[in-house]
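Chemist: Structure of the sequence below:
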Amino acid sequence: MQSTRTHRFLSKQSGSTLIVTLIILILVMLLGVTAMSTSDTQAKLTGNLQFENVALNNAEIMASTAEQILANSAVASSYPVTIPAVPTSYDPLTNTAWQATGYEIMYVSTDASPYAGLGLDCTAPNNSHNYDCVNTFIVTAMGTSARGASKIVQTYYSVALK
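Modeler: Prediction:
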């Protein structure tokens, strides 16, 4: 009698275990695909940050190169010769002439050094304290990376009058 009962019970099952197993398998597969997609996105973000850091380092190297040119140049201490003055509406993002060399040097002013004290007139021809005066420049530099990331750095640099 038991064998007849078991046979009847088995004949009434309709394969619901198979359907539930397939649904669970599909859910696990979707979780795996989502995890792979997320990790791929995070790897791309990390790579982009590395390329941005390379671009920033390259921009700082270009700014340092321009500052070395100013430090070693007699032109910088005897402005104006070949260094253009900063225009009143200067925007480094729209001005593209400097992007060929990677940097641009522009004259800002001749003024007293912060250590000179107040009231020193650097433009007076009879000034005997010219060593306390400085020419100030804006250095704009751009660095790029292999993936095309770009960074712009601007510095102020002063050169003592001699």
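Chemist: All the helices of this protein, in order from the start?
Modeler: 2-12, 16-71, 74-77 (DSSP state H).
Chemist: if you compare those helices, which one is most tucked away?
Modeler: Ranked by average neighbour count under the criterion mean count of other CB atoms under 10 Å, the helices of the chain are headed by helix 74-77 at a mean of 16. Glycine gets a C-beta too; all of them are placed from N, C-alpha and C.
Chemist: so where's the protein shaky on pLDDT?
Modeler: Counting by pLDDT under 70, the chain has low-confidence residues at 1-14, 74-82, 84-85, 87-99, 113-131, 162.
Chemist: hang on, the earlier thing: can you tell me which of the helices of the chain comes nearest to residue 145?
Modeler: helix 16-71 (4.1 Å; CB to CB).
Chemist: sorry, back to before: now the helices of the chain in JSON lines, with distance to residue 102?
Modeler: Written out in JSON lines, the entries for these read as follows (distance: least, CB to CB, whole Å):
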{"stretch": "helix 2-12", "distance to residue 102": "80"}
{"stretch": "helix 16-71", "distance to residue 102": "4"}
{"stretch": "helix 74-77", "distance to residue 102": "18"}
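Chemist: out of these, which comes closest to residue 140?
Modeler: helix 16-71 (8.0 Å).
Chemist: Does anything pack onto the closest one? Which helices or strands?
Modeler: strand 103-112, strand 133-144, strand 150-160 (3 or more CB pairs under 8 Å, 6 or more residues apart in numbering; DSSP states H and E).
Chemist: Kindly reformat these as JSON lines containing distance to residue 29.
Modeler: Output for the helices and strands packed on helix 16-71, formatted as JSON lines (distance: least, CB to CB, whole Å):
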{"stretch": "strand 103-112", "distance to residue 29": "53"}
{"stretch": "strand 133-144", "distance to residue 29": "41"}
{"stretch": "strand 150-160", "distance to residue 29": "41"}
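Chemist: can you list these in a markdown table and add mean neighbour count and distance to residue 71?
Modeler: Formatted as a markdown table, the helices and strands packed on helix 16-71 follow (neighbours: other CB atoms under 10 Å; distance: least, CB to CB, whole Å):
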| stretch | mean neighbour count | distance to residue 71 |
| --- | --- | --- |
| strand 103-112 | 18 | 11 |
| strand 133-144 | 21 | 11 |
| strand 150-160 | 16 | 7 |
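Chemist: Look up how far residue 62 lies from residue 150.
Modeler: 11 Å (CB to CB, to the nearest Å).
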